[in-house]
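A.B. asks: Kindly return the folded structure for what I paste below:
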Amino acid sequence: MKVLLLYNVYSDELGSSRPPLGTGYLAQALSDAGIDCDVLDMKLGYPEKDVLDMIGRGGYGCVGVTVYTVGHKKFFALLGSIKERYPSIITVAGGPHITIMGKKVLEEYGQMDFAFMGEAEDSFVRFCSGEEHARIPGLAFRDAGGIVRSSPFERPVDLDEVSWPRYEKFELEKYANEIGIITSRGCPYPCIFCSVGLTLGKKVRVRSIGKICDELEYWYARGKRIFNFLDDNFTFYRDRVFGLCAEIEKRELKGLTLRASNGIRADRMDREMLLRMKEVGFRSFGIGVEAGNDKVLKALRKGESMEQIENAISLACDLGFEVSLFFVYGAPGETLDDVEDSIRIARKYPVFKADFYNLIPFPGTQLWQWVEDHNAWTGDPMEMLNSMDKNLRFSRETGRPFFTTKELGDAERSMLASRLRKTTLQLQKKGIERVFAKYGVMRYPLAWLASTMFFQRLFFNSNFIRKLSDRVRYRRTGSVQLNTGVER
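C.D. replies: Below you'll find the predicted structure:
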């Protein structure tokens, strides 16, 4: 059957740095199996009406969406609209929310016919190829009596057997220059607020260096020079980092701008590694600091010390990387003074930016269970997750608590939300001034403009501005458009 994959059903932004990686993997698996598949990324400006019209024109037998917990009801509402207009079409869903909630979503939402749990490259292909439902791992479905049944999902062990995406059915020209790359899946760490271990597993599974560089080389030949490694644990195996750098040099992939925006653990980096990464083109990465002292780090079960984290930040800044820091606030036992420690760490080093996120419990996490056990919810948690503004960087509700603690109540969290937003913008202004230092006195008005909320909104809703920003930041790198229209 012909398949339409939808992405970004719920998004406040109309621009995107790169095509969605997970949907890209799924589309590639279908293509490899000879299954006709189209993709529509609604983040590129497509409302529900466009989706319904496209389905009417396309002759699709199946429509699938990737569902996230934030705004999850909007995903199911869209499937409902599709089902209402095209009753015979098969509606399916997968993604993090489905993996964590399991067959319960089918019990709650009748507009969805099938649910795929886990990494669905293999299971979705088997489904579209007509295999018996009961034989497909990770598939939830209703039997003839309407009873929902499901089987455990299986994770791919050899990631080299999973084809990386070529984005043949994507509107690739509508994204900014960046291509996302993933070299591993899984996370073994027990952070109380993170659901990666639930969705991708605790074991770190890796792709071979050769396959990774085949992917880089493919896009390099098509003019791409900016790549973002989106692993949750990119530097988990130190030797792999050196091996990747060596292979990039061996294949003469020059002039790259490499990023690791999802973050690198502080206890998994050292001077020799960072210097080697810089030699092949790494310019920026994030560090998940989370808190400003050992007490809160221990409460979050981060598995790192402040000494390790500060040493890593200092080292990365000294070596000239654009370093982004990620913090959360509102953890059980955290006080106002503890949050001040986080602000102190963020201000202490010449980082590019520092983001502070109101701690949110997601289903299945240890934090969710803590809030349940302490009856600390401020409302219905699933309703709050559904109605939460996905675009937290602009939301005035960033400080709206899902739960409270005896140390931080509603008033304290509201105050922190305002203070931390201002801190983020102040630090970003200084960071941009450092990046634009090569432009002399012009760096000051550029930094002022780039750190305003107006520009932030413009940036995240315009791929043209994203591309221009990369050109200004990384002169002599990035894709160059020739008159032929082909990227070189």
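A.B. asks: Can you give me the buried ones in stretch 168-185?
C.D. replies: Within stretch 168-185, the residues scored as buried using 16 or more other Cβ atoms under 10 Å are 169-170, 175-185. Using the backbone N, CA and C atoms, a C-beta is placed for each residue, glycine as well.
A.B. asks: start to end distance for that stretch?
C.D. replies: The straight-line separation of the ends of stretch 168-185 (Cα to Cα, to the nearest Å) is 23 Å.
A.B. asks: How far away from the center of its chain is it?
C.D. replies: 13 Å (Cα atoms, centre = their mean, to the nearest Å).
A.B. asks: got it, and stretch 233-250?
C.D. replies: Relative to the mean C-alpha coordinate of its chain, stretch 233-250 is positioned 22 Å out (Cα atoms, centre = their mean).
A.B. asks: repeat for stretch 261-268
C.D. replies: Relative to its chain's centre, stretch 261-268 lies at 14 Å (Cα atoms, centre = their mean).
A.B. asks: May I see the buried residues of that stretch?
C.D. replies: For stretch 261-268, a neighbour-count test (16+ other Cβ under 10 Å) marks 262, 263, 264, 265, 266, 268 as buried.
A.B. asks: What average pLDDT does it get?
C.D. replies: Stretch 261-268 shows a mean pLDDT of 95.
A.B. asks: Name the residues that touch that stretch?
C.D. replies: 189, 228-236, 238, 284-289, 303-304, 308-309, 311-313, 324, 326 (Cβ atoms under 8 Å, 6 or more residues apart in numbering).
A.B. asks: ok so, going back, which of the buried residues of stretch 168-185 fall within strands?
C.D. replies: 179, 180, 181, 184, 185 (DSSP state E).
A.B. asks: on that earlier part again, name the nearest of the buried residues of stretch 168-185 relative to residue 45.
C.D. replies: residue 175 (12.2 Å; Cβ to Cβ).
A.B. asks: can you list the weak-confidence ranges in the protein?
C.D. replies: Residues of the chain that meet the criterion pLDDT under 70 lie in 10-15, 389-400, 474-488.
A.B. asks: again, only using 80
C.D. replies: Within the chain, the stretches falling below the threshold (pLDDT under 80) are 9-16, 388-400, 436, 438-439, 446, 450-488.
A.B. asks: Three-state assignment for the residue of the chain positioned farthest from its centre, please.
C.D. replies: Most distant residue from the mean C-alpha position of the chain: residue 145, 38.5 Å away (Cα atoms, centre = their mean). Classification of residue 145 by DSSP: H, G, I helix; E, B strand; the rest coil places it in coil.
A.B. asks: how about the helices in the stretch 51-200 of the chain?
C.D. replies: 72-85, 96-101, 104-108, 121-128, 196-200 (DSSP state H, counting those that start in this stretch).
A.B. asks: need the ones you listed in a markdown table with mean neighbour count and distance to residue 279, can you?
C.D. replies: Converted to a markdown table, those look like this (neighbours: other Cβ atoms under 10 Å; distance: least, Cβ to Cβ, whole Å):
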| stretch | mean neighbour count | distance to residue 279 |
| --- | --- | --- |
| helix 72-85 | 18 | 43 |
| helix 96-101 | 23 | 35 |
| helix 104-108 | 16 | 47 |
| helix 121-128 | 22 | 34 |
| helix 196-200 | 19 | 29 |
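A.B. asks: Relative to residue 353, which of those helices is closest?
C.D. replies: Minimum separation from residue 353 across those (Cβ to Cβ) falls at helix 196-200, 22.4 Å.
A.B. asks: Remind me what that closest one packs against, helices and strands.
C.D. replies: In this structure, helix 196-200 packs against helix 96-101, with contacts taken as 3 or more Cβ pairs under 8 Å, 6 or more residues apart in numbering; DSSP states H and E.
A.B. asks: Identify the residues contacting the helix it packs on?
C.D. replies: 67-69, 72, 75, 105, 115-118, 153, 195, 198-199, 362-364.
A.B. asks: again, only using 6 Å
C.D. replies: With contacts defined as Cβ atoms under 6 Å, 6 or more residues apart in numbering, helix 96-101 is touched by 67, 68, 69, 72, 105, 115, 117, 118, 198, 199, 363, 364.
A.B. asks: What of stretch 166-175?
C.D. replies: With contact meaning Cβ under 6 Å, 6+ apart, stretch 166-175 is reached by 16, 18, 19, 24, 27, 38, 39, 44.
A.B. asks: What's the PyMOL syntax to select whichever of the residues you listed are buried?
C.D. replies: Command for PyMOL, covering only those of the contacts of stretch 166-175 found buried under the criterion 16+ other Cβ under 10 Å:
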select buried, resi 16+18+19+24+27+38+39+44
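A.B. asks: any idea which of the contacts of stretch 166-175 is closest to residue 298?
C.D. replies: Distances from residue 298 to the contacts of stretch 166-175, taken as Cβ to Cβ, are shortest for residue 18 (35.5 Å).
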